[in-house]
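Sharing a model that was predicted from the sequence below.
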Amino acid sequence: MSERVCLIERDDRGDRIRAVRLIGQHAEADWTSPRVDGRYATDAVEDAKAAAEWIANRLSVDGDKLGMIVVDTVGAHCAWVQAATAEAGAVRTAYGHGGEAALDEFEDDFGLDDEPEESDALGSRPTSMEAAIEPLGPAYDSPTGLRVGVMVAPDAIVRLLVDALDARGVGFTGVTSLWHVLGLVAGPNSHDSGASSRVVADSPTVSGGVLVQPDGRLIWSWCREGAVLAAGSQRVSLHDDGPIVTRQDVARLVNDWVAWSAQVGVAPGRILVMSCPLAWEKSTGDPDALTAPSVASAISDLWPDAVLDVDVQDDPVLTLLRRADSLAEDNLEPGHAMASLATRPGRSMRRGYQLIGVALAAGGLLLAAMGFRWQSKVDGMRSDAARVKQDYLADMASVEDMLGKPGEITGAMVPILKLNSEVDQATRSSEVKRSPGRPVVQELETVSFLLLELGGRAELDKIEVTQTTFTVNLTTEDDSILGEINAQLTNLDMNSGPLRWTTSSTGTGSRYTVKLLGVWQRQEGQP
């Protein structure tokens with residue numbers, strides 16, 4: 001199975017797909033958006049879906065897979081941005097906030113305008129929703145701060161195409177632009193060793209590429225170590241015999257290079273000129289119209305420190321993409337590719353996000369169910385504690401009636417202390433000695449405090465009080481609660497009173513029965 005490079009050709013300032021080309025090493029196929037009376041037959045969204053459908057069907061028929069998607073430079077331009085760091089997000093934010101304004105004075109000095117006329121469709125300051133804003137190469141220090149080159153390219157229609165391909169299960173290795181491809185092919189790795197050895201020593205790693213396309217567009221790109229440093233494009237006139245490149249066009253090109261060289265601090269020592277056949281003086285009658293070799297010669301005259309190579313092809317874009325396919329790299333970082341498109345989330349990634357969301361929702365429901373269950377147990381313990389309190393208050397009420405003081409004991413702040421005081425006063429004058437009563441209510445209150453400290457992790461089964469023992473039976477699923485009960489016996493100082501407590505535990509399956517056995521201690525008699 002071989003790979004095909006997909007070239008996206010656009011018009012309408014980059015907002016419409018004009019044609020799609022699938023290019024392999026030995027095969028080529030193309031699709032053109034249907035037109036009626038010179039106008040597009042469908043809208044832009046339908047064009048993107050139709051192009052994706054054609055790509056999927058063609059790959060299926062040929063048994064190939066899709067490699068790199070290459071986007072043309074229509075509507076795109078390069079500029080400089082003043083940013084705090086060279087990180088892609090910071091550069092995009094700086095551009096959106098007007099960080100490009102620092103370049104205005106520089107452009108005035110050289111009489112430049114880096115933006116081609118097609119960029120008007122985006123307005124003066126496109127957002128990341130309207131265009132891909134990609135940092136180029138490394139950042140450079142300047143007297144006014146850190147400066148980073150950026151490529152600004154309308155990409156809405158390309159995003160639609162990428163999503164349509166993903167919906168049809170067509171994967172690809174990445175998304176790049178003709179500028180990146182041209183810089184890669186012009187790099188030293190694509191040249192023979194003899195040509196590379198002739199590169200001047202002051203900038204051995206910087207290469208430049210110039211591409212003249214049959215549609216009258218001239219683009220150029222500088223590259224170092226696979227990363228684009230600078231790029232640009234300009235329009236040239238068209239003739240029936242092909243594009244017309246004049247000496248004025250070459251002068252404008254070199255003028256742009258001088259400006260960018262002042263920013264980058266380096267200049268290309270090796271320049272590759274790839275061109276289609278040009279309409280020159282013989283066919284146009286214009287003495288300034290040049291052939292492709294003459295274009296290279298004119299560049300050499302104005303840029304004398306570089307070694308130039310010329311490659312004339314009937315379809316230079318086809319040749320360029322086939323060469324780039326053999327040099328393809330997997331680096332999808334800014335400067336090497338259109339990173340925002342190359343890393344755009346696909347169907348499988350979105351499916352992963354959905355599964356994570358479902359898992360988080362399920363976990364939330366599980367936690368809610370566990371919380372409801374524990375809340376129910378806490379409510380049950382509170383209900384048991386309230387019942388115990390109600391029972392001993394009822395006993396105190398009966399004592400109140402015996403003493404003829406209704407409401408004085410149960411209405412006190414600490415009923416048990418008030419009860420002891422009243423009983424003590426009522427019996428102090430008696431000459432009959434008898435064993436004092438067991439402080440059952442006091443111990444019930446202490447047990448209730450113990451149950452509250454356990455916080456609902458145990459259920460109260462039974463409390464039994466006799467003349468010799470005080471028994472509390474609990475049921476729990478927590479096998480570690482026995483140790484905590486023993487600790488609470490110490491914390492609540494329960495063994496320093498009239499009872500001496502021991503604990504034991506028995507288990508059946510996942511449930512345990514904990515038994516607290518208190519033995520009443522002997523007390524001296526009182527009147």
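Structure's in. What do you need? This is a predicted model, so every value here is computed, not measured. Numbers count the residues shown, from 1 in each chain.

where exactly do the strands run in the stretch 401-527 of the chain?
Taking DSSP state E, counting those that start in this stretch as the test, the strands found in the stretch 401-527 of the chain are 458-465, 469-476, 499-508, 511-520.

For residue 438, which of those is the nearest?
Distance to residue 438, taken as CB to CB, is lowest for strand 511-520 among the strands of the stretch 401-527 of the chain, at 6.0 Å. C-betas here are computed from N, CA, C, even on glycine.

Identify all contacting residues around the closest one.
Identification of contacts with strand 511-520 by CB atoms under 8 Å, 6 or more residues apart in numbering yields 438, 443, 447, 458, 461, 467-479, 481-482, 485, 494, 498-507.

ok, now how distant is residue 79 from residue 263?
Using CB to CB, to the nearest Å, we find residue 79 at a distance of 10 Å from residue 263.

Sorry, slip of the keys, the one I care about is residue 86.
14 Å.

Now do the helices in the stretch 351-500 of the chain.
415-428, 440-454, 481-491 (DSSP state H, counting those that start in this stretch).

most neighbours per residue, which of these?
Across these, averaging neighbours per residue (mean count of other CB atoms under 10 Å) puts helix 440-454 on top, at a mean of 18.

ok, back up a step: want to throw the strands of the stretch 401-527 of the chain into JSON lines with mean pLDDT, distance to residue 414 and mean neighbour count?
As requested, the strands of the stretch 401-527 of the chain are arranged in JSON lines below (pLDDT from 0 to 100; distance: least, CB to CB, whole Å; neighbours: other CB atoms under 10 Å):
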{"stretch": "strand 458-465", "mean pLDDT": "89", "distance to residue 414": "21", "mean neighbour count": "16"}
{"stretch": "strand 469-476", "mean pLDDT": "91", "distance to residue 414": "21", "mean neighbour count": "18"}
{"stretch": "strand 499-508", "mean pLDDT": "89", "distance to residue 414": "20", "mean neighbour count": "14"}
{"stretch": "strand 511-520", "mean pLDDT": "90", "distance to residue 414": "22", "mean neighbour count": "18"}
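
any chance of those strands in CSV, plus distance to residue 95?
Shown next, in CSV, are the strands of the stretch 401-527 of the chain (distance: least, CB to CB, whole Å):
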stretch, distance to residue 95
strand 458-465, 64
strand 469-476, 64
strand 499-508, 69
strand 511-520, 66
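
Which of the helices of the stretch 351-500 of the chain sits closest to residue 226?
For the helices of the stretch 351-500 of the chain, distance to residue 226 was read as CB to CB. The smallest value, 65.0 Å, belongs to helix 481-491.

For that closest one, output the C-alpha coordinates as PDB.
Provided in PDB are the C-alpha atoms of helix 481-491 (Å, rounded to 0.1, in the frame of the first residue of the first chain):
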ATOM      1  CA  ILE A 481     -14.400  -0.900  64.300                       C
ATOM      2  CA  LEU A 482     -13.500  -3.000  67.300                       C
ATOM      3  CA  GLY A 483     -10.200  -1.200  67.700                       C
ATOM      4  CA  GLU A 484     -11.900   2.200  67.500                       C
ATOM      5  CA  ILE A 485     -14.400   1.100  70.200                       C
ATOM      6  CA  ASN A 486     -11.600   0.200  72.500                       C
ATOM      7  CA  ALA A 487     -10.000   3.500  71.800                       C
ATOM      8  CA  GLN A 488     -13.200   5.300  72.600                       C
ATOM      9  CA  LEU A 489     -13.600   3.400  75.900                       C
ATOM     10  CA  THR A 490     -10.400   5.100  76.900                       C
ATOM     11  CA  ASN A 491     -11.200   8.400  75.400                       C
END
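
Name the residues that touch it?
450, 453-454, 457-458, 474, 494-495, 501, 503, 505, 512, 514, 516.

one step back: mutual contacts of residue 79 and residue 263, please.
Common neighbours of residue 79 and residue 263 (CB under 8 Å, 6+ apart) are residue 149.

higher neighbour count, those two?
Neighbours were counted for residue 79 and for residue 263 using other CB atoms under 10 Å; residue 79 has more, 19 against 16.

Could you verify my assumption that residue 422 touches residue 399?
Yes - between residue 422 and residue 399 a contact is recorded at 7.5 Å, counting by CB atoms under 8 Å.

which residues are common contacts for those two?
Common neighbours of residue 422 and residue 399 (CB under 8 Å, 6+ apart) are residue 409.

where among the helices of the stretch 351-500 of the chain is the average confidence lowest?
Lowest mean pLDDT of those: helix 415-428, a mean of 76.
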